[in-house]
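Student: Predicted model, plus sequence, below.
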Amino acid sequence: MGARIANMLPYASLCASFQRAKVIPQLGARFGSMGRQLRLFVAAVALVGFSQSMMEAVFNNYLNDTFGLSSIQRTLLELPRELPGFLVAFVSAVLFFLCTRRLAVVSALFSCLGLFLIAFATPTYRVMLAWLFLYSLGVHLLIPLQSTISMELARDADAGRRLGQVNGLRTFAGIIGSGLVFAGFRFLGMNFTQTFVLSCAGFACAAVVFSLMKTGRTHPAHIHLRLYRPYLLYYWLSVLFGTRKQIFLTFAPWVLVSVFAQPTQVIAVLMTIAAAAGILFQPLIGRAIDRFGERAMLAAEGFILVGICLAYGFAEALFSSRTALLVTEACFVADLLMFSFGMARATYLKKTAVHPDHVAPTLAMGTTIDHFFSISIALAGGVIWQMWGYRYVFLGGAAIALVYGLSSLGVCLPRQQG
């Protein structure tokens with residue numbers, strides 16, 4: 001019993017810290033001050049965050065324990081997992097008759113069904129890939145929708161702040177999800193099937209809440225499938241973000257699982273720590289975007305990521321095994337927090353949009369572009385890992401992050417001119 005209590009100390013300390021900082025009352029006050037549409041949206045996003053966090057906390061260990069994948073097999077898995085991201089613009093065009101809120105309902109149901117089938121209808125690895133594709137399609141459709149609906153419900157001057165608040169509340173829900181995985185696997189005998197069922201239920205509830213929102217405007221199909229010259233820099237940043245992002249999503253957790261042999265609950269703890277920090281960090285980043293501008297925040301993102309990638313790749317060579325693990329875990333947490341800077345790309349697009357109707361389709365196209373290159377870098381990274389080792393994968397990530405930071409210096413908004 002004493003050991004169990006000791007193992008729960010990180011979560012007890014986390015709860016105590018929240019209580020001292022009055023985080024939960026502040027979140028409750030913010031939620032209560034929102035209008036009905038925003039409250040519904042935030043509740044749905046929180047349910048998505050809870051569900052996705054549970055899935056992500058166990059997925060790498062599920063693959064390792066159930067199918068015993070090699071590093072190259074794990075890399076090839078990214079094709080069916082990330083292909084839905086590439087298809088976002090095309091699927092959005094096919095479903096053009098749905099407004100953003102109704103498309104969110106369909107997206108959540110896709111993920112719900114995919115998880116249900118993974119839990120109960122996965123006799124073989126190949127069958128699992130089909131269900132993973134369905135789950136991933138829903139998740140990827142929700143990526144641009146979250147930013148679009150957030151900005152639809154915000155005043156122009158407060159777009160960054162609103163995105164930060166929504167992301168912060170979603171992150172808080174993610175803590176509950178990853179914390180439940182930690183406690184369930186450590187103390188309650190939870191297994192992968194039960195985790196997938198709980199995650200499935202969360203997506204189903206999110207679909208119901210999205211359906212309660214008022215309908216918005218639809219966008220003609222042809223708008224979704226066009227590239228617009230004024231947004232070339234946004235597209236380029238999407239390319240760089242997609243390639244660098246995939247190095248983290250594919251290879252960072254795989255380093256912890258395969259190189260440092262870390263179990264499911266460690267990944268869950270790291271995600272929980274990042275989520276806890278993100279509750280305060282993401283609203284701060286949102287306010288910083290409104291105050292300092294998108295150029296400064298995007299450039300800072302790129303240059304900070306250079307250091308993170310180098311630490312990922314060379315910690316094992318520079319430090320003792322224990323210290324290297326701690327450095328890698330710190331990088332994992334920092335890398336998760338850095339995704340908050342992506343809000344600046346969305347607000348940059350909104351502020352430079354030639355027409356308001358361009359925002360949602362261009363965000364979807366950015367997701368498609370991002371994933372076209374992320375799939376390519378995942379496959380290339382797997383080959384590099386297999387031939388030369390994982391540190392060269394992260395060395396390439398550092399180079400991409402540097403180009404991203406330098407490219408971000410070209411961001412220019414109407415309010416920054418003159």
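Tutor: Cool, the structure landed. Residues are numbered from 1 along each chain as shown.
Student: low pLDDT regions in the stretch 301-418 of the chain?
Tutor: Scanning the stretch 301-418 of the chain for pLDDT under 70 picks out 413-418.
Student: What are the boundaries of the helices in it?
Tutor: 321-338, 343-352, 359-388, 390-408 (DSSP state H, counting those that start in this stretch).
Student: Out of these, which is the most enclosed?
Tutor: When the helices of the stretch 301-418 of the chain are scored by mean count of other C-beta atoms under 10 Å, the highest mean neighbour count falls to helix 343-352 (a mean of 24). Any C-beta I mention is one placed from the backbone N, CA and C, and that applies to glycine too.
Student: which other residues reach it?
Tutor: Contacts to helix 343-352, defined as C-beta atoms under 8 Å, 6 or more residues apart in numbering, come from residues 147, 151, 156, 159-160, 163-164, 167, 230-231, 234, 237-238, 241, 282, 285-286, 289, 294, 297-298, 301, 359, 362-363, 366, 411, 413-415.
Student: Send me that helix as PDB with only the CA atoms.
Tutor: Extracted in PDB, the C-alpha atoms of helix 343-352 (Å, rounded to 0.1, in the frame of the first residue of the first chain):
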ATOM      1  CA  MET A 343      -1.600  29.000 -33.000                       C
ATOM      2  CA  ALA A 344       0.400  31.800 -34.500                       C
ATOM      3  CA  ARG A 345       0.100  30.200 -38.000                       C
ATOM      4  CA  ALA A 346      -3.700  30.100 -37.700                       C
ATOM      5  CA  THR A 347      -3.900  33.700 -36.500                       C
ATOM      6  CA  TYR A 348      -1.400  34.800 -39.200                       C
ATOM      7  CA  LEU A 349      -3.600  33.300 -41.800                       C
ATOM      8  CA  LYS A 350      -6.800  34.900 -40.500                       C
ATOM      9  CA  LYS A 351      -5.200  38.300 -40.400                       C
ATOM     10  CA  THR A 352      -3.800  38.100 -43.900                       C
END
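Student: rewinding a little: looking at the contacts of helix 343-352, which are in helices?
Tutor: 147, 151, 159-160, 163-164, 167, 234, 237-238, 241, 282, 285-286, 289, 294, 297-298, 301, 359, 362-363, 366 (DSSP state H).
Student: what about Arg226, how many neighbours?
Tutor: Neighbourhood size, Arg226 [other C-beta atoms under 10 Å]: 12.
Student: residues contacting it?
Tutor: Neighbours of Arg226 in contact, by C-beta under 8 Å, 6+ apart: 361, 365.
Student: so for stretch 80-92, what's the average pLDDT?
Tutor: For stretch 80-92, mean pLDDT is 84.
Student: For the longest helix seen in the chain, which helices and strands make contact with it?
Tutor: As assigned by DSSP H, the longest helix anywhere in the chain is helix 36-67. Applying 3 or more C-beta pairs under 8 Å, 6 or more residues apart in numbering; DSSP states H and E, one finds that helix 36-67 contacts helix 100-120, helix 125-152, helix 159-187, helix 192-211, helix 264-292.
Student: how about JSON lines for those helices, with mean neighbour count added?
Tutor: Below are the helices and strands packed on helix 36-67 laid out as JSON lines (neighbours: other C-beta atoms under 10 Å):
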{"stretch": "helix 100-120", "mean neighbour count": "22"}
{"stretch": "helix 125-152", "mean neighbour count": "21"}
{"stretch": "helix 159-187", "mean neighbour count": "23"}
{"stretch": "helix 192-211", "mean neighbour count": "21"}
{"stretch": "helix 264-292", "mean neighbour count": "21"}
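Student: Export those to CSV and append columns for distance to Leu379 and mean pLDDT.
Tutor: Formatted as CSV, these follow (distance: least, C-beta to C-beta, whole Å; pLDDT from 0 to 100):
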stretch, distance to Leu379, mean pLDDT
helix 100-120, 22, 93
helix 125-152, 15, 88
helix 159-187, 28, 81
helix 192-211, 26, 94
helix 264-292, 23, 82
